[in-house]
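Chemist: Build me a model:
(chains A, B and C)
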Amino acid sequence: MHNPQVKAIRLIEIFLLFSALALFVIGSFLGDTFFLRLATESLIFGGLAMSVDLLLGIVGLLSLGQALYFGFGAYLSALVLKEISPSFFLAIGVVTLSSIVLGWVASFIALRSKGVYFALITFGLAQVAAKVVYNTRSLGASDGMMGVPVLQIWTPFGFVDAGQPGAFFLITMLTIGALYAVLKYFLTTPMGSIWHAIRSNENRLAYVGYKAKGPKQVAFILAAVVAAVSGALYPMLRGFVSPELMFFSVSGNAVVTVVLGGVGTLIGPILGSVLLTSFKSIIGTWTVHHHIVIGLIFVVVVVSAPKGIAGLLAKYFGKTNSGKGGE
Amino acid sequence: MSDSEILLKAKSLSKRFGGLTAVDDVSFEVTRLGVTSIIGPNGAGKSTLFNLLSGTFMADSGLVELDGQNITRMSPEGRLSSGMARSFQITNLFFDLSVIDNLRIATQALEPRSNLFLPLRKSTVAINRANELLEEFGLLECRDQFAGALSHGQQRRLEIAVTLATRPKLLLLDEPTQGMSQGDTQDTAELIKRLGSKITVLLIEHDVDLVMDLSKMVIVMAQGKKLAEGMPSDVRANPLVQTAYFGEELA
Amino acid sequence: MLESLQYIYAPQIVNGLSIGVAVVLMALGLTIIFGLLDVINMSHGEFYAAGAFISVSLMAMGVSFWLCLLLVPLLLIPIGFAMERLLIQKVFHYKDRHILTLLLTFGVAMVLEDGYKIVWGANPIKPSAPISGASELLGVMFPNYRLFLMVFGALIIFSVWALIYKTQLGAIVRASAYDKDMSSSLGIPVMRVYALTFAFGVALAGLAGVLLAPIYSVFPTMGRDFILMAFSVVIVGGLGSIKGAVIAGILLTQLQSISSLFISPVWSDPLVFTVMVLVLMLKPTGLYGGMKNA
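Modeler: This is a model prediction of the structure:
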């Protein structure tokens, strides 16, 4: 990690934290529901985007099917909350453990390949899973499942009503923030260095003593957990789950937000998700056809600024640096 | 020559690619310490032989033994933990990572596996070794630069440093002076000589004069077979070797 | 036994074959683009859809189906050429280019798909088959259009193969794929060849779209639905292999077709996908893959 990029990441972290807190305070004060809910949703999808970025930006694997784990987490969470007990921690706990297993199993299929093949396998896995869920009566088939109860979440400060937009926004912030912290921690470990090494030059890795398979598997499972836990928050916010959560557009949008925010930065995808969600909502008031606009923006970004917003910021910081001391 | 003197033994190694026999029944032994070199004209099979020794390819037949241990079917990372490290002809570093990161990743193998999940600063052995290498190879000033941004000479030095990270018993150097200037070549030759006094070096080189100067033992390959083996002066005088290199005219 | 062969299996086989040739056409384009250009074209399905939509509009304006077969691919060529030249080549020099071209073409797919929705609406359009009626073959009635599909498709496939392997143009394309710098120094306009190859590949997809429109009907997400099948064929056959695309295309569509006799059609896609995954796990380069110019 070099200074300009670290600066860019720091800036985005501060910006997001600040605006989130500002939104919470102002929103709660004004009794707002819409913006707080929108922000919560953008954070939830931001978590999914982080899982894509872990694989793409850090390890170098493009997954076009992270929605599989996202949807899995959402459905499982809904089931736990409806059928077992409306407990936040129970749902999160069950989802975390199950997604570790799911990720572990899926890794045996997906990690047999790299590059294009990996992208296509993950794409296919999600397509198949989505189709299966879509056609499974007991999961509500195409209608999904509704009637997820509003949670009362235990905190050291007393019970928090998840129905309160501001309160749940904070809870989501904390959850996604915790996921972010976990991923950042991994990046400070030698495992994180190995991930970067895999992305940089996988062939050399064996010659410095490591098989790529193990570290890839760790990252893959971690990404599955991050996506699933993010997904678990969805029914808590919206009260329902549907097969659309596993559709390709969800995986695709996540990839767009990663590239937009800055691949490899982990916080960039969250920024990207916030921007995309806001954007969709704004454009949505004019026309239903936001996909075309998002697609166009995406194409422009890929061609002219492939490192996204974080990349542009890093470039700016790099320039001002060299302006002072010379390279 | 007693057996404990022999560090690396290759016996009847063969490798075919489709119809082409790249390495044909090659056997030799490398004794401890000093520099042993493999030379030969283009297409002689030197690189393939190296790849068989380092585990990049698996031999079709034959045996490779390191310090008495049969490593013929071992993976490259397995061979590394047994004490064999190799460098690459085309610089094969982690170009997007900094010099210090390249070294740290290479030295991480000195730490137990569990340390992979602890913060980097806990891997003190690895960090110390990385800093050691940084100094030893004169890379202190470019510590934080991306490996891809270094000069060719610096990259080649880093390449060797990475290979030495785990203090291997046997160092396989694949054309280390490839593309280097005269000055850099000389420095590298000095470096290799110094290394040879501490560990065993097996070298592939094109620069015949360099090799003759450095090595205690030279192996000559041509068309996949071992053509000659012996001390530099003997090999130089060998008519078969001269023919292989210079054709019928000079023989 | 013979009766079931006649009345149950034969129709499925023929149906499978008629769809199979169109799938092969699409997979051919995809495998040529990957094999020769090293580009993963996620928008390939959208060009298939483009062919279908454009033909629907042209026929609505009175253009005959037969003319469409000729016109639509020709119309798609400049579009493909422009896309390759203006977009793909921009990201080609990056180290990450495989991922970047994948993302780029994926973005284009997004734009195109929504574009179709805007222009033609979200409802499926079903153009009528240009050839009606059925003929008897070995005691079973087969729709004439499907028979035509098989014959015409086979002809095109053969022509593509001949073009690439038996003509000088094909040799130029293969040379450019194999060694860009050498070809360039021999005077071949490599960049233009790349763009033309891409254009040709997507034109084939468009042709498949025209051919399959009367069977599958035309709707905005048709490209995305079909692309997994196309990629499965390409992967099973081997990226870059024409022979592989043909054989895998026929095999997989037959698998889909015959399996629909025994299992609900919902499961035929997962079945095909499972085969693809198995092939990837056991022989990652596919049946005939491994070389860029196989």
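
Chemist: From now on I want contacts and neighbour counts done on CA atoms only, so please keep to that.
Modeler: Fine.

Chemist: Next one, pLDDT for residue 161 please.
Modeler: Unless you meant another one, I'm taking chain A. pLDDT for residue A:161: 87.

Chemist: look at chain C instead
Modeler: At residue C:161, pLDDT is 87.

Chemist: Could you do residue B:3 as well?
Modeler: Per-residue pLDDT puts residue B:3 at 61.

Chemist: For residue A:233, see how far away the residue nearest the centre of chain A is.
Modeler: For chain A, residue A:48 is the residue whose C-alpha lies nearest the centre (CA atoms, centre = their mean; 2.0 Å). Going from residue A:48 to residue A:233 by CA to CA, to the nearest Å gives 11 Å.

Chemist: Next: residue A:192.
Modeler: Per CA to CA, residue A:192 is found 27 Å from residue A:233.

Chemist: Pick out whichever of the two has more residues nearby.
Modeler: residue A:233 (29 against 23; other CA atoms under 10 Å in any protein chain shown).

Chemist: Contact partners for the more buried one?
Modeler: Taking CA atoms under 8 Å, 6 or more residues apart in numbering or on different chains as the contact definition, residue A:233 lies against A:44, A:74, A:77, A:172.

Chemist: Find the helix or strand that the third one is a member of.
Modeler: Applying DSSP states H and E as the criterion places residue A:77 in helix A:67-79.

Chemist: And for the first one?
Modeler: Using DSSP H and E, the secondary-structure element containing residue A:44 is helix A:34-53.

Chemist: So which elements touch that helix?
Modeler: Counting contacts by 3 or more CA pairs under 8 Å, 6 or more residues apart in numbering or on different chains; DSSP states H and E, helix A:34-53 packs against helix A:3-30, helix A:165-187, helix A:213-238, helix A:248-261, helix A:267-286.

Chemist: One more pass at 6 Å, please.
Modeler: Packed against helix A:34-53 by the contact rule (3 or more CA pairs under 6 Å, 6 or more residues apart in numbering or on different chains; DSSP states H and E) you find helix A:165-187, helix A:213-238, helix A:267-286.

Chemist: any idea which of those helices is most buried?
Modeler: helix A:213-238 (a mean of 25; mean count of other CA atoms under 10 Å in any protein chain shown).

Chemist: now the angle between helix A:34-53 and that one, please.
Modeler: Here the directions of helix A:213-238 and helix A:34-53 differ by 170 degrees (axes from the mean of the first three to the mean of the last three CA atoms, to 10 degrees).

Chemist: can you give me the angle helix A:213-238 makes with helix A:165-187?
Modeler: In terms of direction (the same axes, to 10 degrees), helix A:213-238 departs from helix A:165-187 by 180 degrees.

Chemist: List the contacts of residue 73.
Modeler: With no chain named, the answer covers chain A. Residue A:73 is in contact with A:95, A:228, A:229, A:231, A:232, counting by CA atoms under 6 Å, 6 or more residues apart in numbering or on different chains.

Chemist: hmm, I had chain C in mind actually
Modeler: The contact partners of residue C:73, by CA under 6 Å, 6+ apart, come to C:203, C:206, C:207.

Chemist: Return the distance of the closest residue to chain C within the stretch 151-251 of chain B relative to residue A:94.
Modeler: Per CA to the nearest CA, residue B:155 is where the stretch 151-251 of chain B lies closest to chain C, at 18.9 Å. Remark: distance between residue B:155 and residue A:94 (CA to CA) = 49 Å.

Chemist: Determine the longest helix present in chain B.
Modeler: helix B:182-198 (DSSP state H).

Chemist: near chain A, which residues of the stretch 101-250 of chain B show up?
Modeler: Selection of the stretch 101-250 of chain B residues close to chain A by CA under 6 Å from any CA of the partner chain yields B:106, B:109, B:116, B:117, B:118, B:119, B:120.

Chemist: Tell me the one of the residues you listed nearest residue B:65?
Modeler: Distance to residue B:65 across those (CA to CA) is lowest for residue B:109, with 22.0 Å.

Chemist: tell me the contacts of the residue of the stretch 51-200 of chain A found nearest chain B?
Modeler: Using CA to the nearest CA, the closest approach of the stretch 51-200 of chain A to chain B is made by residue A:189 at 4.4 Å. Contacts for residue A:189 (CA under 6 Å, 6+ apart) come out as B:117, B:118, B:119, B:120.

Chemist: lowest confidence element among the helices and strands of chain C?
Modeler: Every helix and strand of chain C was ranked by mean pLDDT, DSSP states H and E. The lowest is helix C:2-4, at a mean of 69.

Chemist: C-terminal to that one, what's the next element?
Modeler: Downstream of helix C:2-4 (by DSSP H and E), the next one is helix C:10-37.

Chemist: next structured bit after that next one?
Modeler: Helix C:10-37 is succeeded, C-terminally, by helix C:44-60 (DSSP H and E).

Chemist: and that following helix, what does it pack onto?
Modeler: So helix C:44-60, by 3+ CA pairs under 6 Å, 6+ apart, packs with helix C:190-216, helix C:222-237.

Chemist: any idea which of the ones you listed scores lowest on pLDDT?
Modeler: helix C:222-237 - the lowest mean pLDDT of the helices and strands packed on helix C:44-60, at a mean of 86.

Chemist: average model confidence for the next helix or strand after that one?
Modeler: Sequence-wise, the next helix or strand downstream of helix C:222-237 (DSSP H and E) is helix C:242-259. Helix C:242-259 carries an average pLDDT of 89.

Chemist: relative orientation of helix C:242-259 and helix C:10-37 in degrees?
Modeler: Inter-element angle recorded for helix C:242-259 and helix C:10-37: 150 degrees (by the same axes, to 10 degrees).

Chemist: chain center to helix C:242-259: distance?
Modeler: Centroid displacement of helix C:242-259 relative to its chain, using CA atoms, centre = their mean, to the nearest Å, is 13 Å.

Chemist: same question, stretch C:256-264
Modeler: Remark: stretch C:256-264 is offset 22 Å from the chain centroid, using CA atoms, centre = their mean.

Chemist: Do it and chain A come into contact?
Modeler: No - Stretch C:256-264 stays out of contact with chain A when judged by CA under 6 Å from any CA, the minimum separation being 10.9 Å.
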